[in-house]
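Q: sharing a sequence plus its predicted fold:
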Amino acid sequence: MADDSGPPATNMEDPLVLALTSSSTTRRCAELGSLNDRIQKNDLPADRLPLVFRLLFHTHPYYLDRPSRAAVRRCLQSLQSSPTLAAPSTKALITAIRNESAKPGIAASNAFVLLEWAADILAAIAKSTEAFNTHKDAVIEAQVALLDICLGNAHAKTSLKKGALAATRRGLRAAFAPANENYGGKNALLLGVVAGVCARSEKCKAVLEGLKKDVVCDGGEFSGEVVPAVERALLRAPEVVLDGVLVGVLESLPGEIDLAVPIAGGLMKQFLACVKSSNANIRSGAVAAFRAGWGMRRGRMRARLYGLRRSWWRR
């Protein structure tokens, strides 16, 4: 099936079109339930698949109620499980989600729906080694983009961000269940979710322990490699670094990493410079980053800062 993610050229007299474009949640859910039954019973003609796919895909920006969205998900899941329709529908859905995730200005609420679908796809293709190896890169690429939209949107609700992480974890757990060994981690956001899932799975935790040196830094590496890069970034593009990026990094660090010296040194100088900025976002971002670094290390950092202050006064 070709990429049918574009606007559907449909017959508006078609009963399926009328029902799925109806403003009535009850009517939509009833028709979607009937459609799901036909898919599961293999009663959906192949020539109807392009129309059905277009109608289902284009619900993601328009269906705002949970029952309708859940009914669409069930239909898509049934398509991916169908012995005759799984291959063309899965390929078309992956292409459509990937293309949509690359569009600028996509709303976080729309990205969340697509992220849930992507998680379902990952769980479905994980059941077949061939399908997993064929589609995993495209699905993960779309997941990274969609997760970034959901978590990076300052106006998105906290519940949406938590749901986005939960959906991503759900797909990864299903993907980790089979004997698929090639899990590439090239993006920090998804890598963090992968690590969280692995930490809860005894089988995957052992694999993660062996890779720690590649993805986890200690205090010395953080001070020697990460902090200088952050200082340079704060000089060149503070509006980017302070737009939640640095806060997330600092809050994710383990408690044993001592941030007193890095913050009292170069980072403090950059924070103070940013607080004087005429840009309100930079000012608030600097304060948020300092608080994140102060965080749970208050006692240790207060003592260290006090000691540094005394040493400076003695000079």
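A: Yes, it's here.
Q: ok, then the element right after the helix or strand hosting residue 32?
A: Using DSSP states H and E, residue 32 falls within helix 25-40. Per DSSP H and E, the first helix or strand lying C-terminal to helix 25-40 is helix 49-57.
Q: what mean pLDDT does the helix or strand just after that following helix have?
A: Heading C-terminal from helix 49-57, the first helix or strand you meet, by DSSP H and E, is helix 66-81. Averaging pLDDT along helix 66-81 yields 95.
Q: helix 66-81 - contacts with which helices or strands?
A: Counting contacts by 3 or more C-beta pairs under 8 Å, 6 or more residues apart in numbering; DSSP states H and E, helix 66-81 is packed against helix 25-40, helix 49-57, helix 86-101, helix 108-125. For every residue, glycine as well, the C-beta is placed using N, CA and C.
Q: separation between residue 86 and residue 175?
A: 17 Å (C-beta to C-beta, to the nearest Å).
Q: the two: which has the busier surroundings?
A: Set residue 86 next to residue 175 and count neighbours by other C-beta atoms under 10 Å: residue 175 wins out with 23 against 18.
Q: ok, and the closest non-adjacent residue to that one?
A: residue 126 (4.3 Å; C-beta to C-beta, 6 or more residues apart in numbering).
Q: can you give me the pLDDT of that neighbour?
A: For residue 126, the predicted pLDDT is 87.
Q: what's the distance between the residue most central in space within the chain and residue 110?
A: The centroid of the chain falls nearest to residue 147 when counting by C-alpha atoms, centre = their mean (1.9 Å). For residue 147, the distance to residue 110 (C-beta to C-beta) stands at 13 Å.
Q: and for residue 236?
A: Taken as C-beta to C-beta, the span from residue 236 to residue 110 is 32 Å.
Q: with residue 96 instead?
A: 13 Å.
Q: which residues touch the closest residue to residue 40 other than its chain neighbours?
A: For residue 40, ignoring the flanking residues on the chain, the nearest one in space by C-beta to C-beta, 6+ apart is residue 78 at 5.2 Å. Taking C-beta atoms under 8 Å, 6 or more residues apart in numbering, we find residue 78 in contact with 36, 39-40.
Q: looking at the residues you listed, which has the most residues close by?
A: Of the contacts of residue 78, with other C-beta under 10 Å as the count, residue 39 tops at 23 neighbours.
Q: show me how this protein divides into domains.
A: 15-215, 219-314 (automatic domain parsing).
Q: so how far is the longest one off the chain centroid?
A: On the basis of C-alpha atoms, centre = their mean, to the nearest Å, the separation between the geometric centre of domain 15-215 and that of its chain is 11 Å.
Q: quick one: residue 117 and residue 97 touch, right?
A: Yes - the pair residue 117 / residue 97 is scored as a contact, 6.2 Å apart, by C-beta atoms under 8 Å.
Q: residue 236 and residue 110: who's more crowded?
A: Each of residue 236 and residue 110 has its neighbours counted (other C-beta under 10 Å); residue 110 has more, 18 against 9.
Q: contacts for stretch 102-121?
A: By C-beta under 8 Å, 6+ apart, stretch 102-121 touches 60-61, 64, 69, 73, 76-77, 80, 90, 93-94, 97, 100-101, 135, 139, 142-143, 145-147, 149-150, 153, 155-156, 160, 163-164, 167-168, 170-171, 174.
Q: next, the angle from the lengthiest helix in the chain to helix 86-101.
A: Taking DSSP state H as the criterion, the chain has its longest helix at helix 129-152. Put simply, helix 129-152 runs at 30 degrees to helix 86-101, going by axes from the mean of the first three to the mean of the last three C-alpha atoms, to 10 degrees.
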